[in-house]
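J.: here's a sequence, model it:
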Amino acid sequence: MDTPTPLPSLAVPETPERVLRFWRDAGYYYWFAKDDTFDRVFRDHFLGAHMAAGRRELDHWMDSADGCLALLILLDQFPRNAFHGCAHMYATDPLARFVARHMLERGFDKVHDHDMRSFCYLPFEHAEDMVDQDLSVALFKALGDPFYPYALKHRDVIERFGRFPHRNQELGRITTPAEQKFLDDGGFAG
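T.: So this is what the prediction gives:
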């Protein structure tokens, strides 16, 4: 993994361009690492925009490829950074999949470069649904490395359990003995 770059700074994140600039400037390390400082900066800058997106107040952003991608960052990535350990991590997942489907229908995903396009497809990878998982695998297979192996891992967990066992505690679900063994044995944890 590369050495992290300094955290980006942003004062007013009310446009798709500002959301995407922040996300691009953050880079690969911060996108996928668990980093409390980055999560705090991300949360401080974008909590209001995330909540507005969740209330469908930013649906007009769906008129453009950049707007859709910015919505996906706010609806799919932001909660995974900002709400560790609570159910809100997953609260806007259905809306993120709605926006992602809209992007695919409009061909907006094709506008974005390889790395940014991955965020168009992650809502399907995060779904606890085999149809969405199969779509994720197909999309990431076409996109290629380094994302495709992760899509397969996600689908395998859903195929085996019908859900992601590592989410059970946050979502108030009872963990089955098979799920607990999977987790205890170091099984995929998101």
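J.: isn't residue 108 up against residue 63?
T.: No. In this structure, residue 108 is not within contact of residue 63 by Cβ atoms under 8 Å, at 9.8 Å. Yep, even glycine has a C-beta here, placed from its N, CA and C like the rest.
J.: residue 137: neighbour count?
T.: Other residues near residue 137 number 19, with proximity taken as other Cβ atoms under 10 Å.
J.: buried stuff in the biggest helix by length in the chain?
T.: Longest helix of the chain, by residue count under DSSP state H: helix 36-54. Residues of helix 36-54 classed as buried by neighbour count (16 or more other Cβ atoms under 10 Å): 38, 39, 41, 42, 45, 46, 49, 50, 53, 54.
J.: could you find the closest non-adjacent residue to the last one?
T.: If I follow you right, that is residue 54. Leaving aside its chain neighbours, residue 54 sits nearest to residue 92 (4.9 Å; criterion: Cβ to Cβ, 6 or more residues apart in numbering).
J.: likewise the fourth one?
T.: Distance criterion Cβ to Cβ, 6+ apart; nearest residue to residue 42, sequence neighbours excluded, is residue 81 at 5.0 Å.
J.: for the one you found, phi and psi?
T.: Dihedral angles of residue 81 (phi, psi; degrees, to the nearest 10) stand at phi -90, psi -40.
J.: is it true that residue 120 touches residue 112?
T.: Yes. When contacts are counted by Cβ under 8 Å, residue 120 is listed as touching residue 112 (6.5 Å).
J.: looking at these two, which one has more neighbours?
T.: Set side by side, residue 120 and residue 112 show more neighbours around residue 120, with 24 against 18, by other Cβ under 10 Å.
J.: now for the helix or strand harbouring that one, which elements pack on it?
T.: In the assignment (DSSP states H and E), residue 120 maps to helix 114-125. The elements that helix 114-125 packs onto, with contact taken as 3 or more Cβ pairs under 8 Å, 6 or more residues apart in numbering; DSSP states H and E, are helix 16-32, helix 65-72, helix 93-106, helix 130-143, helix 148-161.
J.: and those, which is most packed in?
T.: Scoring the helices and strands packed on helix 114-125 by mean neighbour count under mean count of other Cβ atoms under 10 Å gives helix 65-72 as the most buried, with a mean of 24.
J.: just to revisit the earlier point, alpha carbons only: can I get the longest helix of the chain in PDB?
T.: Taking only C-alpha atoms (Å, rounded to 0.1, in the frame of the first residue of the first chain), the coordinates of helix 36-54 have been written out as PDB:
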ATOM      1  CA  ASP A  36     -10.000   7.500  12.500                       C
ATOM      2  CA  THR A  37      -8.600  10.900  11.400                       C
ATOM      3  CA  PHE A  38      -9.800  10.600   7.800                       C
ATOM      4  CA  ASP A  39     -13.200   9.300   9.000                       C
ATOM      5  CA  ARG A  40     -13.500  12.400  11.300                       C
ATOM      6  CA  VAL A  41     -12.600  14.800   8.500                       C
ATOM      7  CA  PHE A  42     -14.900  13.100   6.100                       C
ATOM      8  CA  ARG A  43     -17.700  13.200   8.600                       C
ATOM      9  CA  ASP A  44     -17.100  16.800   9.600                       C
ATOM     10  CA  HIS A  45     -17.200  17.900   6.000                       C
ATOM     11  CA  PHE A  46     -20.100  15.800   4.600                       C
ATOM     12  CA  LEU A  47     -22.500  14.800   7.400                       C
ATOM     13  CA  GLY A  48     -25.000  17.500   6.200                       C
ATOM     14  CA  ALA A  49     -24.700  16.500   2.600                       C
ATOM     15  CA  HIS A  50     -25.100  12.800   3.500                       C
ATOM     16  CA  MET A  51     -28.300  13.500   5.500                       C
ATOM     17  CA  ALA A  52     -29.600  15.700   2.600                       C
ATOM     18  CA  ALA A  53     -28.900  12.900   0.100                       C
ATOM     19  CA  GLY A  54     -30.600  10.400   2.400                       C
END
